[in-house]
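In: Below are the sequence and a predicted model for it; my questions follow.
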Amino acid sequence: MTPNVQIVAPKKGLSKLARAKFGPGMLLQHDDLEQLNVYTRELSRLLFRSFFGCGVICGLVVNVEVWCGKVTVIVEAGIALDCCGDPVHVPETQRIVIDEHCAPDLPGQLWVVLCGTERCCAPRTPMCASDEDEATTVCTRERDAFEIRVLRERPECVCGCPEESKHELLDSECKCVNPELECYVDHYAGKCGCNCPECSDCDCDCILLARLDRSGAAENPVWTPDHRVRRFIRPVLMRDPRVAIERALAQHRTEPGGGEQISAAEGPAAAPRPKRSRSGRRR
């Protein structure tokens, strides 16, 4: 800080992130080692939900098949982020049969939701367990898992977009979403938090994938997935600026009088400026 800058009203505070620190001869405890995992996970959560919010990153396309009266929901492989910033990974295509007994009693709309879960793996008995107490096992590995749910009604706390949302594209070639849409307006306004109306981030652990609309006769229904209700958050990749620079340099070399050597490493500053005539006008 510059010495001559006067501070008017300072206020200091603490973040919720805490790193583990070790020193020579320190006796390490369980909490010390566990803090290594906690810090890394909380940092990733904070960055993911701040950069993108919640929603589908890629894949997770929903389709429906009706075979012999049985309705089967097919969810392709993909990955999403819940409101806490945790990734929910579906490694391969999943098939959910919702009409096992060929007795269709389904409403006109169904909702497909993806939720992240955890599973304890590799249980182990502590080596220093007391002889008098019954030995208990502890989890030594925690594996991420998922659950796909087909619901009759849209849940109140779920990451998604309003049903009446119109996913209109901007008049450009970048395929960007309209920042005025209710589903994305907070993101473009720089507001932190999850896209769950009237729900806290901790209550919104599931991601809405699609709405299924039924049409046709009751004996032979047709189910149509509608993905407009999901929140898509795949980052938009920008074009490589070096390609444009090199193209401009190559064009300059082929033009009359542009044979002077210009290094491509000089960047945009190396691009030739328009020549001026004696009258001062650009040619």
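Out: Sure, I can see it.
In: Beta-bridge partners for residue 109, please?
Out: Taking DSSP bridges as the rule, residue 109 bridges to residue 213.
In: Could you shift the numbering so residue one becomes 17, and keep it that way?
Out: Okay, using 17 as the starting number, the last item reads as residue 125.
In: quick one, what contacts it?
Out: Contact analysis of residue 125 by C-beta atoms under 8 Å, 6 or more residues apart in numbering lists 227, 228, 229, 230. For glycine as for every other residue, the C-beta is placed from the backbone atoms N, C-alpha and C.
In: Okay, residue 56 and residue 72: tell me how far apart.
Out: Residue 56 sits 24 Å away from residue 72, going by C-beta to C-beta, to the nearest Å.
In: do residue 239 as well
Out: As judged by C-beta to C-beta, residue 239 and residue 72 stand 20 Å apart.
In: more neighbours, the two?
Out: Taking other C-beta atoms under 10 Å, residue 239 and residue 72 do not tie; residue 72 has more neighbours (25 against 20).
In: So the more buried one, which state does it fall into?
Out: strand (DSSP: H, G, I helix; E, B strand; the rest coil).
In: what about the residue lying closest to it once chain neighbours are set aside, how many neighbours?
Out: Nearest non-adjacent residue to residue 72, counting by C-beta to C-beta, 6 or more residues apart in numbering: residue 96, 4.8 Å away. Using other C-beta under 10 Å, residue 96 is surrounded by 29 other residues.
In: In the beta-sheet assignment, what are the partners of residue 96?
Out: residue 72, residue 104.
In: Do you know the pLDDT at residue 115?
Out: In this model, residue 115 is scored at 70, pLDDT.
In: Regarding it, what is its secondary structure?
Out: coil.
In: what do you get for residue 61?
Out: Here residue 61 is recorded as helix under three-state DSSP.
In: does it really touch residue 100, like I thought?
Out: Yes. Between residue 61 and residue 100 there is a contact under C-beta atoms under 8 Å: 5.7 Å.
In: Was I right to think residue 201 contacts residue 193?
Out: No. At 10.4 Å, residue 201 does not count as touching residue 193 under the criterion of C-beta under 8 Å.
In: Those two: who's more crowded?
Out: Each of residue 201 and residue 193 had its neighbours counted (other C-beta under 10 Å), and the higher figure belongs to residue 193 (19 against 13).
In: Need the nearest residue in space to that one, chain neighbours excluded.
Out: residue 200 (5.5 Å).
In: give me every residue that touches that neighbour.
Out: By C-beta under 8 Å, 6+ apart, the contact set of residue 200 is 193, 194, 247.
In: go on, residue 50?
Out: Listed by C-beta under 8 Å, 6+ apart, residue 50 has no contact partners.
In: low-confidence ranges in the stretch 17-166 of the chain?
Out: 17-20, 116-120, 138, 142-151 (pLDDT under 70).
In: Helices along the stretch 117-266 of the chain, start to end?
Out: With helices called from DSSP state H, counting those that start in this stretch, the stretch 117-266 of the chain shows them at 201-204, 257-270.
In: Which among those helices is found nearest to residue 158?
Out: Of all the helices of the stretch 117-266 of the chain, the one in closest proximity to residue 158, counting by C-beta to C-beta, is helix 201-204 (30.2 Å).
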